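> here is a sequence together with a model predicted from it:
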Amino acid sequence: MSKAKLPTCRICGHAETVLTRHLQAEHGLAVGDYLEKHPGAAVADQDVLKLVQSEAASDREHPLDPADLTVNFAGVECAVNWDVPASACLREPDCYRIPTVGTLAKDVAASALFLKRRRSTYIWGPQGTGKDGFVHAWSAKTRTPSEKFQVAPGKDIQPWLWVREVSPDRGTYYREGRLLQLARDGFTTRTGRKIPALILITDIDRATKSQAETFRLLLDTIEGRVPRWDGGSWPVFPGTLFVATANTAGQGDETGRYVSSNILDATILARFQRFRRFSLMDWKDEEPILRAKYPSFAEKMDQVLRGTRERGTGKMVTGLGIATRTLREAITARDLHADFSHRELSNWVEAAQDILDEHPRRKPPEGLMREAGRAVFDKFPDAETRLRAKRLIHGFIEGGMLNPGETDGVEEGELGAF
């Protein structure tokens, strides 16, 4: 076999029958990560793959079968469908980072195991905790064919299954929807394999009673069925993975911030085999993401991101990290009626970067974080909440958060170790 026919590494040009070991040893890349950076790149020679598979019973030593490729996702070794194109998977969010610290890291690791074991999973938690982002990343890195279906009150979701149509050529017929096709037929890879898909249902707690009933038969734990238009059904393709994401556990909103959520029928919730509540991200994971997403801000406002420590104690006394933690603790304790997830934090930093990028040669203004913060804090529900939020973090942010006249009555407060 000529070297020209062998798969070639897009990074260094190395050619080999199966590139798996080369990618790991020379570039520290799992196949899934490599394919994300170089979509469509070959990782194994098709002729040799067929030969290996046809001689599987022999005693000869063969290169690693691509069917055995895996990626480590949050400590869980997951199989990689190397013959599934990236276009058939959910797109990994820009600058996504698998959490490594705190409660969220445990949430993600547990959920990765649920998905690996093909357990129908219900993931819920505050907005901005990366619920959909996790599913997107898992789909992309494992090359699991996936599609997302978003629930909205009043939305007709029947077309996800089928639609009755009439045409001059065909007369009355039923056009099949993507959810029906994926759940019944699975996905055919470019090598001809038929494999199960991942079906992501987002905002499922927004579903009305009639919308939620759509999922009852599909999620049956004994034998999932795909409903037919004539009253019959087809079996769900074996291994099809259903994942739902929501802000609540399906029992209504306990915070008053997700008022469009509904109470879901307990017998439908019971069909999900695994539940997990996602927590907010730890700053040790959050800071590197902010630096990657907003490089010009990170360069000019490094002090704000790093913060400063008190001499002798090592306690963090200023910085965006301690401000973020302070706001979230107040929200968790119900002392502040608002949200401050990674989404709000990103919007704050992005607003500051927009200002910096508009005048790249100027020194950052002293009140940059205060001015940029309005893009986020102005959405808090009332003047009292906005003022309380800014007072809580005024001393932690360079330049402060309060305007003249708003500092009266502000107390230092006790700063714990960050």
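Received, thanks.

> ok, now how distant is the residue nearest to residue 364 when sequence neighbours are not counted from residue 354?
Take residue 364 and drop its neighbours on the chain: the residue closest to it by C-beta to C-beta, 6 or more residues apart in numbering is residue 300, 5.3 Å away. (Glycine included, C-beta is placed from N, CA and C.) Distance of residue 300 to residue 354, given as C-beta to C-beta, to the nearest Å: 13 Å.

> could you pull up the residues touching the closest residue in space to residue 220 that isn't next to it in sequence?
In space, and not counting its chain neighbours, residue 220 is closest to residue 271: 6.4 Å by C-beta to C-beta, 6+ apart. By C-beta atoms under 8 Å, 6 or more residues apart in numbering, the contact set of residue 271 is 120, 215-216, 219-221.

> buried among these? Make that a PyMOL selection.
Here is the PyMOL command that selects only those of those that count as buried (16 or more other C-beta atoms under 10 Å):
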select buried, resi 120+215+219
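
> poorly predicted segments of the stretch 51-200 of the chain, please.
Applying pLDDT under 70 to the stretch 51-200 of the chain picks out residues 51-67.

> can you map out the helices along it?
102-116, 131-142, 178-185 (DSSP state H, counting those that start in this stretch).

> any idea how far the shortest one is from the chain center?
This means helix 178-185. 23 Å (C-alpha atoms, centre = their mean, to the nearest Å).

> what do you get for the longest one?
Relative to the centre of its chain, helix 102-116 is centred 12 Å away, using C-alpha atoms, centre = their mean.

> need the contact partners of it.
Applying C-beta under 8 Å, 6+ apart, the contact partners of helix 102-116 are 73-79, 98-99, 121, 123, 125, 129-130, 134-135, 138, 144, 198, 241, 243, 273-274, 276-282, 284-285.

> residue 242: helix or strand, and which one exactly?
Taking DSSP states H and E as the definition, residue 242 sits inside strand 241-246.

> mean confidence for that strand?
Mean pLDDT, strand 241-246: 98.

> any buried residues in that strand, and which?
Buried residues in strand 241-246 (16+ other C-beta under 10 Å): 241-246.

> quick check, nearest of those to residue 150?
Of all the buried residues of strand 241-246, residue 150 sits closest to residue 245, with 9.7 Å by C-beta to C-beta.

> beta-bridge partners for that closest one, please?
In this entry, residue 245 is beta-bridged to residue 123, residue 202, by DSSP bridges.

> wait, it touches residue 202, no?
Yes: with contact defined as C-beta atoms under 8 Å, residue 245 reaches residue 202; the gap is 5.0 Å.

> related to what we said a few turns ago, residue 300 and residue 354: who's more crowded?
residue 300 (18 against 14; other C-beta atoms under 10 Å).

> would you list every one of the strands in the stretch 151-300 of the chain?
162-167, 171-176, 187-188, 194-195, 198-202, 225-227, 233-235, 241-246, 274-277 (DSSP state E, counting those that start in this stretch).

> just name the most buried of these.
Comparing the strands of the stretch 151-300 of the chain by mean neighbour count (mean count of other C-beta atoms under 10 Å), strand 241-246 comes out on top with a mean of 25.

> touching it from outside, list them.
Under C-beta under 8 Å, 6+ apart, the answer for strand 241-246 is 115, 118-124, 131-132, 135, 144, 196-206, 215, 218-219, 261, 272.

> same question for stretch 71-88.
Residues contacting stretch 71-88 (C-beta under 8 Å, 6+ apart): 30-33, 35-36, 39-40, 43-44, 66, 69-70, 98-99, 105, 108-109, 112-113, 115-116, 137-138, 140-146, 187, 189-191, 193, 195.

> out of those, which end up buried?
30-33, 35-36, 43-44, 66, 69-70, 98-99, 105, 108-109, 112-113, 115-116, 137-138, 140-146, 187, 189, 195.

> residue 256: how many residues sit nearby?
For residue 256, using other C-beta under 10 Å, the count is 9.

> okay, now the domains of this structure?
Residue ranges for each domain of the chain read 1-66, 69-277, 283-396, as given by automatic domain parsing.

> just give me how far the longest one sits from the chain centre.
Think domain 69-277. The answer for domain 69-277 is 13 Å, by C-alpha atoms, centre = their mean.

> tell me the buried residues in stretch 375-388?
Buried-residue list, stretch 375-388, by 16+ other C-beta under 10 Å: 375-377, 380, 386-388.

> which of those fall in helices?
375-377, 386-388 (DSSP state H).

> of those residues, closest to residue 365?
residue 375 (15.1 Å).

> need the contact list for the closest one.
Residue 375 neighbours (C-beta under 8 Å, 6+ apart): 347-348, 351.

> now render those residues as TSV, adding distance to residue 8.
Listed next are the contacts of residue 375 as TSV, based on distance: C-beta to C-beta, whole Å:
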residue	distance to residue 8
347	42
348	44
351	44
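
> and the helices in the stretch 301-418 of the chain, which stretches?
With DSSP H, counting those that start in this stretch as the criterion, the stretch 301-418 of the chain has helices at 302-306, 320-332, 342-358, 368-377, 383-393.

> which of these sits closest to residue 90?
With C-beta to C-beta as the yardstick, what comes closest out of the helices of the stretch 301-418 of the chain is helix 342-358 (18.4 Å).

> what comes up buried for the closest one?
342, 344-353, 355-356.

> by contact count, what packs against it?
helix 283-293, helix 295-300, helix 320-332, helix 368-377 (3 or more C-beta pairs under 8 Å, 6 or more residues apart in numbering; DSSP states H and E).

> need those helices in TSV with mean pLDDT and distance to residue 151, can you?
What follows is these, written out as TSV (pLDDT from 0 to 100; distance: least, C-beta to C-beta, whole Å):
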stretch	mean pLDDT	distance to residue 151
helix 283-293	95	28
helix 295-300	95	35
helix 320-332	95	26
helix 368-377	96	27
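
> of all the ones you listed, which lies closest to residue 22?
Using C-beta to C-beta, the nearest of the helices and strands packed on helix 342-358 to residue 22 is helix 283-293, at 26.8 Å.

> which strands or helices does that closest one pack on?
Using 3+ C-beta pairs under 8 Å, 6+ apart, helix 283-293 sits against helix 102-116, helix 295-300, helix 302-306, helix 320-332, helix 342-358.
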